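In: Next one to model:
(chains A and B)
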Amino acid sequence: MTLARAEQASRRYGDVLALDRVDLEVRAGELVGLLGPNGAGKSTLINLLVGLRRPSSGRVELNGRDPRDPASRRQIGVTPQETGLPGTLRVGEVVDFVSAHYPDPVPRGELLDQFGLGDLARRQTGGLSGGQRRRLAVALAFVGRPRLVLLDEPTTGLDVAARHTLWDAIRAFHADGGTVLLSSHYLEEVEALAHRVVVIGQGRVLADDTVDAVRGIVGVRRVSLVADDLPDLPGVVRTERVDGRLHLLTTDADELVRALVTARVPFTDLEVRPTSLEEAFLAITTGDTPSGDAPTSTGRPITAAAGGRPTTV
Amino acid sequence: MQLALVHARYQLLEIIRIPVAVFGSAFFPAAAMIFFVVPFAGDDAVGATYATASMVTFSVMSANIFQYGVGVAEDRDQPWNPYTRTLPTGPAPRFAGRVLAGLALTYLSLIPVVVIGATLTAAQATPAAFLLALGTVAVISVPFTLMGLAIGYSLPSKAAIVVAQLIFLPLAFGGGLLSAPGEAPGFIETIAPYLPTRGAAELMWAAVGDYDVEPLALIMLGVWVVLLAALAGWAYRRDEGRRFS
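Out: Numbering: from 1, shown residues only, chains lettered A, B, ... in the order given. This is a model prediction of the structure:
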């Protein structure tokens, strides 16, 4: 059963196309990571799905209804990207306020304990640390016993311990049958939680696949050097020559360097750098001749950005 | 309706936790009572009653212009506000809650003026007149609530504070609130009927005393309500369109 759906959804802000014909389906019981660099369109997609914004074209649905219809939001919980809690209200009051909107809310104490906020119920939110505030903002998404939670970069600004507390809470919710859509620009976070990853870049769905498959793609390294002619090298996804330097994008930099050395290619000024998520994806998806062995789990090329419908697992 | 009360309750809580914000709108009319009304009209029962009613009008005006003008503009800056729109309810309960909370705070801000009027001056009102005045406060809140909403929804918070400060004093003086009925300086008597403060004050005077309202001021008050409602409605829709469409 599909809990949230976007169908060819586009969103334009003035001249900026923030989302470009995005297709996404989140089915009951899934834990989906929305991965992409800042400005990729993750928050815009979430804002469309929770009814804060209307798509410029295309459709979005929650439980088969328009998200702008309040009834469609009865079974979702949301944590926005920005933590804006009313500073003068106490933690317990904020929870009570949100609870008042749901028929069968989680009792206040139980919710706060689950998110490690049990001792803070009487504190004003303005006096909390950034991490505590963030945890409260995430906890609020779970107050109404939702079937689906949409978390927009839930762990931004948290230290390692707080991040793990949150991850545990999200995992527990999912283990109980809950559905999660969470955005992040950390591959690590998506790896730790999600089973399915949707990669967004420049407003488009670039890939929609298993965590393993996506890890292979974003693990791309850039090997650059000065050399004349190169033999065929293993694992090169893309080659470009800029100002006399050769840039090779590869999924296995170690193997590539070994091959360069064993082939006794004369080269100078070798550099190996990780690529950003964006760079890795754009290189692969907009590359004029992406090699056929792009490392997806199933061996099929990732062509969503070329205008095709994204593949789903 | 239940939810509107919930929203009103938490908005009141938010404001009352910063008591200065509540004192703010009560202070100026209370100070005007002490400095002008008590020494100059304190002994004259009729004059003191009218003057107290004028200060109540003043208080209603400043409380509404500030709490809606500045409050709404500040709320629009906060990410909490869009968050509440993801809860399973439309924008109506939050809006209704805001108006209920605003009305409650308006009555709260009147307490100092009324207490000073009752204890330090000869002002008096029969219980019936007092109840009528309480109801009149809700009626005359309407134009100033709309004025505040128009400011709050059309301006960023820093500009809203300035505009609210710029308009509330001229409205008070120009409407003749700082003089006895009919005794303001000549040019003020001329312009007063055209300002919303005057129509509001006339209604208050008529509630507590034997005062015949001037039809022109009442007609203009109606015109102001229509104009301000249109302006507030336009600003609200524009803001909704910018942030939620």
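In: Quick check: which helices or strands does the helix or strand hosting residue A:161 pack against?
Out: Assessed by DSSP states H and E, residue A:161 sits inside helix A:160-175. Here helix A:160-175 is seen to pack against helix A:130-140, strand A:148-152, strand A:179-184, helix A:187-193 when contacts are counted using 3 or more CB pairs under 8 Å, 6 or more residues apart in numbering or on different chains; DSSP states H and E. C-beta here means a position set from N, CA and C on the backbone, and glycine is covered the same way.
In: what pairs with the second one, and is each one parallel or antiparallel?
Out: To tie it back to what came earlier, the one meant is strand A:148-152. strand A:76-79 (parallel), strand A:179-184 (parallel) (DSSP bridges).
In: can you redo these as CSV with mean neighbour count and mean pLDDT?
Out: Formatted as CSV, those follow (neighbours: other CB atoms under 10 Å in any protein chain shown; pLDDT from 0 to 100):
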stretch, mean neighbour count, mean pLDDT
strand A:76-79, 26, 94
strand A:179-184, 25, 93
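In: So which of these is nearest residue B:89?
Out: Among the strands paired with strand A:148-152, the nearest to residue B:89 by CB to CB is strand A:76-79 (12.9 Å).
In: elements contacting the very next helix or strand once past that closest one?
Out: Going down the chain from strand A:76-79, the next helix or strand is helix A:91-99, by DSSP H and E. Under the contact definition 3+ CB pairs under 8 Å, 6+ apart, helix A:91-99 sits against helix A:108-114, helix A:130-140, helix B:2-16.
In: Just want the angle from helix A:91-99 to helix B:2-16.
Out: Put simply, helix A:91-99 runs at 150 degrees to helix B:2-16, going by axes from the mean of the first three to the mean of the last three CA atoms, to 10 degrees.
In: Between helix A:130-140 and helix A:91-99, find me the angle.
Out: Relative orientation of helix A:91-99 and helix A:130-140, computed by the same axes, to 10 degrees: 30 degrees.
In: mean confidence for helix A:91-99?
Out: For helix A:91-99, mean pLDDT is 94.
In: Could you do stretch A:63-73 as well?
Out: When pLDDT is averaged over stretch A:63-73, the result is 91.
In: Same check on stretch A:28-42?
Out: Mean per-residue pLDDT for stretch A:28-42: 89.
In: Pull out the buried positions in that stretch.
Out: The neighbour-count check on stretch A:28-42 (16 or more other CB atoms under 10 Å in any protein chain shown) flags A:30, A:31, A:32, A:33, A:34, A:35, A:36, A:37, A:40, A:41, A:42 as buried.
In: Does that stretch reach chain B?
Out: No. Stretch A:28-42 stays clear of chain B (CB under 8 Å from any CB of the partner chain), getting no nearer than 15.9 Å.
In: For that stretch, measure first residue to last.
Out: End-to-end span of stretch A:28-42 (CA to CA, to the nearest Å): 20 Å.
In: from the chain's centre, how far out does that stretch sit?
Out: 3 Å (CA atoms, centre = their mean, to the nearest Å).
In: returning to what we had before: any idea how far the helix holding residue A:161 is from the chain center?
Out: Centroid separation for helix A:160-175 versus its chain: 16 Å, with CA atoms, centre = their mean.
In: So which bits of the lowest-mean-pLDDT helix or strand in chain B are buried?
Out: Lowest by mean pLDDT, DSSP states H and E among the helices and strands of chain B is helix B:19-32, with a mean of 78. The neighbour-count check on helix B:19-32 (16+ other CB under 10 Å) flags B:21, B:22, B:24, B:25, B:26, B:28, B:29, B:30, B:32 as buried.
In: ok, now stretch A:121-128?
Out: Across stretch A:121-128, burial judged by 16+ other CB under 10 Å covers A:121, A:124, A:125, A:128.
In: same thing with stretch A:96-110?
Out: For stretch A:96-110, the neighbour count (16+ other CB under 10 Å) marks A:96, A:97, A:98, A:99, A:100, A:101, A:102, A:105, A:106, A:108 as buried.
In: Would you map the strands across the stretch 151-300 of chain A?
Out: With strands called from DSSP state E, counting those that start in this stretch, the stretch 151-300 of chain A shows them at A:179-184, A:196-201, A:204-210, A:221-227, A:236-242, A:245-250, A:267-274.
In: Of these, which shows the lowest average pLDDT?
Out: When the strands of the stretch 151-300 of chain A are ranked by mean pLDDT, strand A:236-242 comes last with a mean of 82.
In: Within its sheet, name the partner strands of that one and how each one runs.
Out: strand A:245-250 (antiparallel).
In: Any chance you could list what contacts the partner strand?
Out: For strand A:245-250, the surrounding residues in contact (CB atoms under 8 Å, 6 or more residues apart in numbering or on different chains) are A:220-227, A:230, A:233, A:235-241, A:256, A:269, A:275, A:280, A:283-284.
In: at 6 Å what do you get?
Out: A:220-227, A:235-240, A:256, A:283 (CB atoms under 6 Å, 6 or more residues apart in numbering or on different chains).
In: wait, which of the buried residues of stretch A:96-110 is closest to residue B:6?
Out: For these, the nearest to residue B:6 is residue A:100 (4.5 Å; CB to CB).
In: confidence score at residue 16?
Out: In the absence of a named chain, this looks at chain A. We have a pLDDT of 90 for residue A:16.
In: wait, I meant chain B there
Out: pLDDT, residue B:16: 83.
In: Pipe the helices and strands packed on helix A:160-175 into JSON lines and attach distance to residue B:44 per row.
Out: JSON lines is the format used below for those (distance: least, CB to CB, whole Å):
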{"stretch": "helix A:130-140", "distance to residue B:44": "57"}
{"stretch": "strand A:148-152", "distance to residue B:44": "64"}
{"stretch": "strand A:179-184", "distance to residue B:44": "69"}
{"stretch": "helix A:187-193", "distance to residue B:44": "74"}
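In: comparing the ones you listed, which gets the lowest mean pLDDT score?
Out: Mean pLDDT values for the helices and strands packed on helix A:160-175 show the minimum at helix A:187-193, a mean of 82.
In: Flag every buried residue along it.
Out: Across helix A:187-193, burial judged by 16+ other CB under 10 Å covers A:187, A:189, A:190, A:191, A:192, A:193.
In: Tell me the one among these nearest to residue B:108.
Out: Of these, the one sitting nearest to residue B:108 (CB to CB) turns out to be residue A:189, at 47.4 Å.
In: Could you find the residue in chain B that comes nearest to chain A?
Out: Closest residue of chain B to chain A, CB to the nearest CB: residue B:79 (3.0 Å).
In: Count the residues that sit near that residue.
Out: Other residues near residue B:79 come to 13 when the count uses other CB atoms under 10 Å in any protein chain shown.
In: Let me know the pLDDT of it.
Out: Looking at residue B:79, its pLDDT reads 88.
In: And the residue nearest to residue B:74 when sequence neighbours are not counted, how far from residue B:245?
Out: Nearest residue to residue B:74, sequence neighbours excluded (CB to CB, 6 or more residues apart in numbering or on different chains): residue B:157, at 4.6 Å. Residue B:157 sits 22 Å away from residue B:245, going by CB to CB, to the nearest Å.
In: do residue A:90 as well
Out: For residue A:90, the distance to residue B:245 - CB to CB - is 34 Å.
In: Between the two, which is the more surrounded one?
Out: Set residue A:90 next to residue B:245 and count neighbours by other CB under 10 Å: residue A:90 wins out with 19 against 11.
In: Report the beta-bridge partners for the more buried one.
Out: Legend: beta-bridge partners of residue A:90 under DSSP bridges are residue A:124.
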